[in-house]
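Engineer: 3D model of this:
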Amino acid sequence: MQPAPSTLPIEKSVRYLKGIGPKREEVFRKFGIETLSDLFYFFPRRYEDRSRFKRIRDVRIGEHAVIEAKVNHKAVRPLKSLRLFELFVEDESSQIVAVWFNQPYLMNTFTEGDCVILSGKVEFRGRLQLTNPEYEILKEEDTDVVHAGRIVPIYPLTEGLAQRSLRVSMKELVDHYAEYVTEYLPKEFQKRQKLMGLGEALRNIHFPENQEILDQARHRLIFDELFLFELALLRDVALLKKEEKSIPLKDASGVVDEFMKELPFTLTEGQKEVIQEIILDVSRGAPMTRLLQGEVGSGKTVVAVALLLLAAKNKVQSAFLAPTEILAEQQFESIRKLLKSFNVNIGLLTGSLAPEDKSAVYRAAETGALDVVIGTHAVLQEGLKFKQLGVVVIDEQHKFGVRQRNALLASEPRPHLLVMTATPIPRTLGLTLFGDLDLSTIRELPGGRIPVKTFWISRKKESDVWRFISDRVNKGKKAYIICPRIEESEGGAVESAEDLYARLSRKAFKNFKIGLIHGRLGKPEQDSVMWQFKSGKIQILVATSVVEVGLHNPDATVMVIEDAERFGLAQLHQMRGRVGRGSNESFCFLVGDPKNVESRKRLRILTKTSDGFLIAEEDLKLRGPGDFMGTRQSGLPLFRIAEFPRDFSIMLRAREAAAQVIREDLHFYSEYHGALKQKLEQYRATLVEPV
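Structural biologist: Down below sits the predicted model:
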């Protein structure tokens, strides 16, 4: 016999709820929901105010409307390539038809005389209609407060979950178990932050009494998510700074100033400021953990080289990681030239090195003969040891996982860490994704750089672009042509890179040397193609977004991006950064005929600005944080209810509140923070370790 609900703790299985059997329990488990406590955080995706339905007579074309009506009659009407199910409904004011495409089974779902709720966009197609609306059939017992007469929650569904039965289960959960929700924030804290109690918030996020209370509940739960996230992040940083030790790097001889004076170019003010930030940071005994962001070509590498030099003069070694072999080789040559006057020993370690060459680098790193090891993931392989590793620099840090990064940082004393990215990060995400890193930014580009002229053109004018490229190549320049697809089998809606390469080789560019590169080529083949492009053996390179991070190639002055609407703003800007790397006038053509407003907006933004930071902010607004970082980047907690940039102001408040807790009681010794400490431990257990 099942125990009385009043005696059930909320950490019991969801099976304790009426109507949830083994099959539905398994469905919930796929959502990560196993206990009644977990189920409280299965939030509605939206709400319908069923206390105020629209009368059919009052609906307006183009608006989203929710109506309650009675089924008059129904029909399935065959059209040329589909079958149309029509449901004719009426209320006391008028009638309307709801239509669904290729869903004839709905004929058996509805019965004449049924009372239904329909929710959808109102259209006029020779008659007033709702196209593919959401629906719910009301039963006589639905005069209660679950399905009608109130603000009703609409939950995300999957196979095995039905809206009505799920709502009944959630109502039982709220009515019987909300009182068992444990509050973890002290009363004074809640009052200071103007927060609703946790149990009350969870009750009202599911079945709110009114819109004002729903807003208060949502605010509390958003604050909770962000506060716990920031608390975990800031506490880790504080413990690192307090408990971990690093070798302080001093610039007693002024070697960094000497390095800057010897450069064959003048550093920007932004570069100088960041170098000073780094010198100050590494001079302390605590480990530096810093993120350096800047546009493609803003000179981040020179800043990193100043740090490598400082480390070498302090008798400690450095590891410099690049995401690909070709970039590692490019950085090796570049850094060796920059440090040639300073007696710094530099080694290159990549996967394709001959075994005897790898062994030599390993021995030199372990004995201390090498001051700097530059390489790819090979640097992270087991067996590589440093005599005294003091600095780790990671280029394009998003290409490396946190576990990989930590493999190098496990040395004692802990190395100073500098990670670099050419993808400008909106401040909103910077404080969340990289809140464990101090942030430095280089906004200016070196003198002499000319902004890339960017145009959005229709596919109909593609031949004009090919003629333009031919003219530029005849003058000794090179061009990139980017496609979103590798081959035809990935979908016929867009031309693939392979097909475009074949077409251009036969026709428009038959007199030029044209190459093809994409992600399915092996690394040696990719590197070979890129080196041929750099050396001039290839004049026109057809590619996928694999060139998003690529070689410094100042002779490449034209970028064509096919079906540009299929890329995100930040990615388009990153690819555009492959050209305009020298003093030559450069051009980017965005080819596409986007059908939706958002895609057109993206392309317009890119033609109007070359400011990567502005573009990143706009991209975040358009796509949201998960997509911005790429398929919800591994390790980024998928916030259940918080959204960016909408909730940025709440995040700032949550971050400051978390910082105050850390300042006052880092180790949670105070009884005042006892429940908070337990909640934080539970929260940390839910985080997926990044890979």
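
Engineer: tell me the SS of residue 658?
Structural biologist: Under DSSP: H, G, I helix; E, B strand; the rest coil, residue 658 falls in the helix class.

Engineer: Now do the same contact list for the residue lying closest to residue 69 once chain neighbours are set aside.
Structural biologist: Distances taken as C-beta to C-beta, 6 or more residues apart in numbering place residue 89 nearest to residue 69, at 3.8 Å, with adjacent residues excluded. Where C-beta positions appear, they are placed from N, C-alpha and C, glycine not excepted. Listed by C-beta atoms under 8 Å, 6 or more residues apart in numbering, the contact set of residue 89 reads 56, 67, 69-72, 95-98, 116, 118.

Engineer: next SSE after the longest strand anywhere in the chain?
Structural biologist: The single longest strand within the chain, with elements called by DSSP state E, is strand 64-78. Downstream of strand 64-78, the next assigned helix or strand under DSSP states H and E is strand 83-90.

Engineer: now the angle from that next one to strand 64-78?
Structural biologist: Orientation note: strand 83-90 sits at an angle of 130 degrees relative to strand 64-78 (axes from the mean of the first three to the mean of the last three C-alpha atoms, to 10 degrees).

Engineer: List the strands paired with strand 83-90, with their directions.
Structural biologist: strand 64-78 (antiparallel), strand 95-101 (antiparallel) (DSSP bridges).

Engineer: And those: which comes nearest residue 508?
Structural biologist: strand 95-101 (41.2 Å; C-beta to C-beta).

Engineer: Pull out the buried residues from that closest one.
Structural biologist: The neighbour-count check on strand 95-101 (16 or more other C-beta atoms under 10 Å) flags 96-100 as buried.

Engineer: do stretch 513-532 as well
Structural biologist: Neighbour counts over stretch 513-532 (16+ other C-beta under 10 Å) mark 513-518, 521, 526-530, 532 as buried.

Engineer: Sitting in strands, which of those residues do you find?
Structural biologist: Filtering the buried residues of stretch 513-532 for strands - DSSP E - leaves 514-517.

Engineer: quick one: which of the buried residues of stretch 513-532 is nearest residue 125?
Structural biologist: Closest to residue 125, out of all of the buried residues of stretch 513-532 and judged by C-beta to C-beta, is residue 518, at 43.7 Å.

Engineer: For the closest one, give me its contacts.
Structural biologist: 486, 497-498, 543-544, 546.

Engineer: which of those residues count as buried?
Structural biologist: Looks like the contacts of residue 518 have 486, 497-498, 543-544, 546 buried, using 16+ other C-beta under 10 Å.

Engineer: okay, the strands paired with strand 83-90 in CSV with mean pLDDT next?
Structural biologist: Converted to CSV, the strands paired with strand 83-90 look like this (pLDDT from 0 to 100):
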stretch, mean pLDDT
strand 64-78, 90
strand 95-101, 93
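
Engineer: Would you tell me which of those strands gets closest to residue 683?
Structural biologist: Closest of the strands paired with strand 83-90 to residue 683 is strand 64-78, at 35.9 Å (criterion: C-beta to C-beta).

Engineer: contact partners of the closest one?
Structural biologist: With C-beta under 8 Å, 6+ apart, strand 64-78 has contacts from 48-50, 53-56, 59, 83-91, 95-96, 104, 107, 110-122, 130, 138, 148.

Engineer: ok, and for the longest strand of the chain, which residues are buried?
Structural biologist: Buried-residue list, strand 64-78, by 16+ other C-beta under 10 Å: 65-69, 71, 74.

Engineer: Stretch 107-127 too?
Structural biologist: In stretch 107-127, counting by 16+ other C-beta under 10 Å, buried: 110, 114-120, 122.

Engineer: Tabulate those (TSV), appending pLDDT and distance to residue 680.
Structural biologist: Below are the buried residues of stretch 107-127 laid out as TSV (pLDDT from 0 to 100; distance: C-beta to C-beta, whole Å):
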residue	pLDDT	distance to residue 680
110	93	50
114	91	50
115	90	48
116	90	47
117	88	42
118	89	45
119	84	40
120	85	43
122	93	48
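
Engineer: Output the strands paired with strand 83-90 as CSV; include the columns distance to residue 354.
Structural biologist: As requested, these are exported to CSV (distance: least, C-beta to C-beta, whole Å):
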stretch, distance to residue 354
strand 64-78, 65
strand 95-101, 62
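
Engineer: nearest to residue 300, of these?
Structural biologist: For the strands paired with strand 83-90, proximity to residue 300 was assessed by C-beta to C-beta; strand 64-78 is nearest, at 46.8 Å.

Engineer: Could the C-alpha coordinates of that closest one be exported in CSV?
Structural biologist: Extracted as CSV, the C-alpha positions of strand 64-78 are listed here (Å, rounded to 0.1, in the frame of the first residue of the first chain):
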residue,chain,number,x,y,z
HIS,A,64,-2.1,34.3,-32.0
ALA,A,65,-5.4,33.4,-30.5
VAL,A,66,-6.7,31.0,-27.9
ILE,A,67,-10.4,30.1,-28.3
GLU,A,68,-12.8,27.7,-26.6
ALA,A,69,-15.4,26.3,-29.0
LYS,A,70,-17.6,23.4,-29.8
VAL,A,71,-17.0,21.0,-32.7
ASN,A,72,-19.7,21.5,-35.4
HIS,A,73,-18.4,19.0,-38.0
LYS,A,74,-15.2,17.6,-39.5
ALA,A,75,-13.9,16.4,-42.8
VAL,A,76,-10.8,15.1,-44.6
ARG,A,77,-10.2,16.8,-48.0
PRO,A,78,-7.6,15.4,-50.5
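
Engineer: ok, back up a step: I'd like the contacts of residue 89 as JSON lines, with distance to residue 18 appended.
Structural biologist: Formatted as JSON lines, the contacts of residue 89 follow (distance: C-beta to C-beta, whole Å):
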{"residue": "56", "distance to residue 18": "36"}
{"residue": "67", "distance to residue 18": "31"}
{"residue": "69", "distance to residue 18": "30"}
{"residue": "70", "distance to residue 18": "30"}
{"residue": "71", "distance to residue 18": "29"}
{"residue": "72", "distance to residue 18": "35"}
{"residue": "95", "distance to residue 18": "38"}
{"residue": "96", "distance to residue 18": "36"}
{"residue": "97", "distance to residue 18": "37"}
{"residue": "98", "distance to residue 18": "32"}
{"residue": "116", "distance to residue 18": "25"}
{"residue": "118", "distance to residue 18": "28"}
